[in-house]
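In: coordinates for the following, if possible.
(one chain, ligands or ions: 1)
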Amino acid sequence: MDLTSPKTIRQIASDFGFTFKKGLGQNFLTSKAVLEEIAEAAEIDNGGVLEIGPGFGVLTKELSAHAKKVVSIEIDERLNDVLEYTLSECENVKIINADVMKTNLRQLISDEFGNERISVAANLPYYITTPIITMLLEEKLPVKNIVIMIQKEVAERLNAEPGTKDYGAVTLLCRYYTEPEIVTSVPAGLFVPPPKVDSAVLKLKVLDKPSVNVKDEKTFFKTVKAAFSQRRKTLLNCLSSAFSIPKPQLTELMESAGIQPGRRGETLSIEEFALLADMLFSSV
Ligand code: SAM
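Out: Numbering: from 1, shown residues only. A predicted model of the protein is given here:
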């Protein structure tokens with residue numbers, strides 16, 4: 001059964017009386033080449049994979065061919081019977097019927113994969129892109145790679161360079177914990193039904209240790225968040241209110257770190273954010 005064929009997808013939908021729910025991001029991928037790129041980027045190496053949102057199981061099947069075990073979380077109960085049918089030959093796949101946002105992933109990974117560092121792969125529904133990435137990274141789950149198909153614009157934001165309009169707090173979250181890379185762009189026409197926007201596959205290779213050394217992670221992320229809280233304001237204004245430091249004192253502190261107080265958050269490299277956060281940590 002070729003799950004990348006639009007005809008097959010429509011046939012399965014008709015046989016099971018399945019209607020696509022836009023709210024759950026049910027746009028199914030039809031490109032064998034993109035599936036292969038996702039599996040390759042995930043560097044599975046016969047290890048464990050966590051998939052989010054199998055849909056009809058097209059990516060699950062591809063992952064299953066490279067993995068020792070695939071655990072796939074699907075929120076939509078209507079897909080249980082479909083997946084039983086489409087994945088009947090994949091003995092190393094386990095489907096869990098749950099909302100990934102309400103799942104204790106640390107527990108699940110430990111129960112299903114023991115101490116192994118796994119890969120995460122998903123064609124993600126757009127509404128949970130940022131919360132999922134934030135959860136996987138901030139909770140420091142035992143994950144070596146995150147390979148996700150997401151809205152192209154969001155992929156560009158997560159992979160943005162300093163000084164560009166896309167650069168923001170979530171870019172720095174990714175840069176801190178991972179090495180981001182856009183693997184490929186995927187036009188909307190390669191999905192059934194096609195979404196309104198194009199997509200891209202983003203790989204986040206989780207680093208063994210964060211990309212910069214900071215004295216206190218909480219202060220680092222508080223600095224980043226504050227710097228982007230009001231994009232039109234200068235760093236001096238944003239940070240002075242977030243850290244309750246009088247402006248003259250903060251000006252002095254920033255200048256001693258070699259960072260002009262009139263700059264805006266989007267112009268700072270991650271190294272400059274680290275420097276600034278360390279200064280703030282030592283002074284409060
Ligand atoms: N993996 C398939 C593919 O590549 O064609 C389907 C991907 S489709 C974009 C997203 C899938 O995620 C849908 O099957 C949807 O039901 C599921 N989903 C949406 N929200 C979810 C959630 N909170 N937890 C788990 N699965 C979810």
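In: who in the chain is up against the ligand?
Out: Of all the residues in the chain, those in contact range of the ligand (Cβ under 6 Å from any ligand atom) are 24-29, 52-55, 58-59, 73-76, 99-101, 123, 125, 128. No exception for glycine: its C-beta is placed from N, CA and C like everyone else's.
In: mind checking which of the residues you listed are buried?
Out: 24-29, 52-55, 58-59, 73-76, 100, 123, 125, 128 (16 or more other Cβ atoms under 10 Å).
In: give me every residue that touches the residue of the stretch 151-284 of the chain found nearest the ligand.
Out: Closest approach between the stretch 151-284 of the chain and the ligand, counting by Cβ to the nearest ligand atom: F191, at 7.2 Å. Going by Cβ atoms under 8 Å, 6 or more residues apart in numbering, F191 touches N27, F28, L29, T30, S199.
In: kindly recompute the last result at 10 Å.
Out: P6, I9, Q26, N27, F28, L29, T30, S31, N123, M149, D198, S199 (Cβ atoms under 10 Å, 6 or more residues apart in numbering).
In: quick one: the residue in the stretch 51-200 of the chain positioned nearest to the ligand from L29, how far?
Out: The minimum distance from the stretch 51-200 of the chain to the ligand, using Cβ to the nearest ligand atom, falls at G53 (2.1 Å). Separation of G53 from L29 (Cβ to Cβ, to the nearest Å) stands at 11 Å.
In: name the residues contacting each of these two.
Out: Contacts common to G53 and L29, judged by Cβ under 10 Å, 6+ apart, are L59, N123, M149.
In: closest one of those to K94?
Out: Set against K94, the nearest of the shared contacts of G53 and L29 by Cβ to Cβ is L59 (15.0 Å).
In: just the buried positions in the helix or strand harbouring I96, please.
Out: Here I96 sits within strand 93-97, counting by DSSP states H and E. For strand 93-97, burial by neighbour count (16+ other Cβ under 10 Å) applies to V93, I95.
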